[in-house]
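Engineer: Quick one: sequence plus predicted model below, questions after.
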Amino acid sequence: MITIIIPVFNVGKYIRECLESLFCQTYSNFELIIVNDGSTDNSLKIIKEYINEYSEKITLLNQENQGVSEARNLANNYIRGDYLIYIDPDDYLHPDYLKKLVLTIEKEKSDVAICGYEIFYDDIKGENYQKKYNVSVDFLDGIATAQMMMNLDLEGYLWNKLFRVSALKAKGIFFEKGRYIQDWYPVFKTLASMSKITFINESLYFYRQRSTSTVYKKSKKKVDDYYYACRQIIKKAELLDIDSKIIAKFRVATFLAIATDIYYINDVDIIDLYQFSFENGYTELIDNVSILKNREISFKQKIKLLLWRGHAFYKIPIVIKHR
């Protein structure tokens, strides 16, 4: 059986589509744990409609609004399945999402199965696109997968990863409270500890982009949380003896992302963006990083970092074009 965990906070506009896609799955051996994180809209009303119809499958937990991390941590205490997946309440699923994940993890006897996804845009401009993982081998071990994440070829999302519960060191994955970037490091650490990880080269999850999502918050806190996650990943990678050139590449890539986001912060008065970066410790990511002989770092990244070091990064609009 699969345990599915969904944290819910004020997603009345989307939760019905999410639940409908779940209860239309071609694989039905699952339990659903929903954590209502203090919703004040009609989310709970819609959830109760589905409880009336699928009472044997749904466990509803209620808490005062504490955030998505605390919601997931609470749900971890109620896991009964052999497999575990966390999904978001504003997304929806391909009908074969669960079936293909569970068949893959069982067939390969792996600890984790990972599928591709499609990004689509709701109330903001953007072009839909699919992300697939064309891994050339049957499976990767934890270190190779961690390395893939540090190359930014694999994201730290939860919702496209099915975990074997017995392979987790604790039941579920622990998430730090109150962070916008709350899944990246826990996923990195968890995958790095696994023995066997398999990939499905199909887009089975539909990831909604919307203006009210925390992904689009332009704030110092988001930058701080991103920086914190980067530092935690780097510390873990060093303990795992991951190639220093790949760690250097990760440092450069993530610092450039931070430098770009700083430009778009709209709740902080920044007089000197360089000084702001230094005072907040972000430049620590690239301290003592040698780029010229590192072939892991792309030519484009090298140019951008040289522009930063020459105090010309923010003067060229194409360099700071938002990702």
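Structural biologist: Okay, I see it. Numbers count the residues shown, from 1 in each chain.
Engineer: For Tyr207, what are phi and psi?
Structural biologist: Per-residue torsions, Tyr207: phi -100, psi 110 (degrees, to the nearest 10).
Engineer: Give the burial count for it, as a bare number.
Structural biologist: As a burial measure, Tyr207 scores 19 neighbours (other C-beta atoms under 10 Å). For glycine as for every other residue, the C-beta is placed from the backbone atoms N, C-alpha and C.
Engineer: just Gly281 next, same as before
Structural biologist: Other residues close to Gly281 by other C-beta under 10 Å number 12.
Engineer: measure it to Leu273 for me?
Structural biologist: 15 Å (C-beta to C-beta, to the nearest Å).
Engineer: One more: Tyr282?
Structural biologist: For Tyr282, the distance to Leu273 equals 10 Å [C-beta to C-beta].
Engineer: now swap in Ile297 and tell me
Structural biologist: Taken as C-beta to C-beta, the span from Ile297 to Leu273 is 23 Å.
Engineer: Please enumerate residues in contact with the helix or strand Phe255 falls within?
Structural biologist: Element membership for Phe255 (DSSP states H and E) is helix 244-264. Identification of contacts with helix 244-264 by C-beta atoms under 8 Å, 6 or more residues apart in numbering yields 147, 150-152, 218, 222-223, 226-227, 230, 233-234, 237-238, 270, 273, 276-277, 282-283, 285-286, 289-291, 294-297, 301, 304-305, 308, 313-314, 320-323.
Engineer: of Tyr282 and Leu273, who's got more company?
Structural biologist: Tyr282 (21 against 16).
Engineer: excluding its backbone neighbours, what's nearest the more buried one?
Structural biologist: With sequence-adjacent residues excluded and distances taken as C-beta to C-beta, 6 or more residues apart in numbering, Tyr282 is closest to Ile258, at 5.1 Å.
Engineer: where's the helix holding Phe255 relative to the chain centroid, distance-wise?
Structural biologist: 17 Å (C-alpha atoms, centre = their mean, to the nearest Å).
Engineer: before we move on, what about stretch 164-181?
Structural biologist: Put simply, stretch 164-181 sits 12 Å off its chain's centre (C-alpha atoms, centre = their mean).
Engineer: Just the buried residues of that stretch, please?
Structural biologist: For stretch 164-181, the neighbour count (16 or more other C-beta atoms under 10 Å) marks Arg164, Val165, Ala167, Leu168, Gly172, Ile173, Phe175, Glu176, Arg179, Tyr180, Ile181 as buried.
Engineer: Kindly export that stretch (C-alpha atoms) in CSV.
Structural biologist: Taking C-alpha atoms only, stretch 164-181 is exported to CSV below (Å, rounded to 0.1, in the frame of the first residue of the first chain):
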residue,chain,number,x,y,z
ARG,A,164,10.1,2.7,0.2
VAL,A,165,9.2,3.3,3.9
SER,A,166,11.5,0.5,5.2
ALA,A,167,14.4,2.3,3.5
LEU,A,168,13.9,5.5,5.3
LYS,A,169,16.0,5.8,8.5
ALA,A,170,13.0,7.3,10.2
LYS,A,171,9.3,7.0,9.3
GLY,A,172,8.8,9.7,6.8
ILE,A,173,11.2,12.7,6.1
PHE,A,174,11.7,15.4,8.7
PHE,A,175,11.1,19.0,7.5
GLU,A,176,12.3,22.2,9.3
LYS,A,177,9.6,24.5,10.3
GLY,A,178,9.0,27.9,8.7
ARG,A,179,11.3,27.6,5.6
TYR,A,180,10.2,28.5,2.1
ILE,A,181,12.8,26.1,0.7
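Engineer: so Ile143 touches Leu239, yeah?
Structural biologist: No. Contact criterion C-beta atoms under 8 Å: Ile143 and Leu239 do not qualify, at 11.2 Å.
Engineer: hang on, the earlier thing: quick one: which of the buried residues of stretch 164-181 sit in strands?
Structural biologist: In this view, the buried residues of stretch 164-181 that belong to strands under DSSP state E are Arg164.
Engineer: remind me which residues of this protein are low pLDDT?
Structural biologist: Applying pLDDT under 70 to the chain picks out residues 124, 126, 211-218, 266-271, 317-323.
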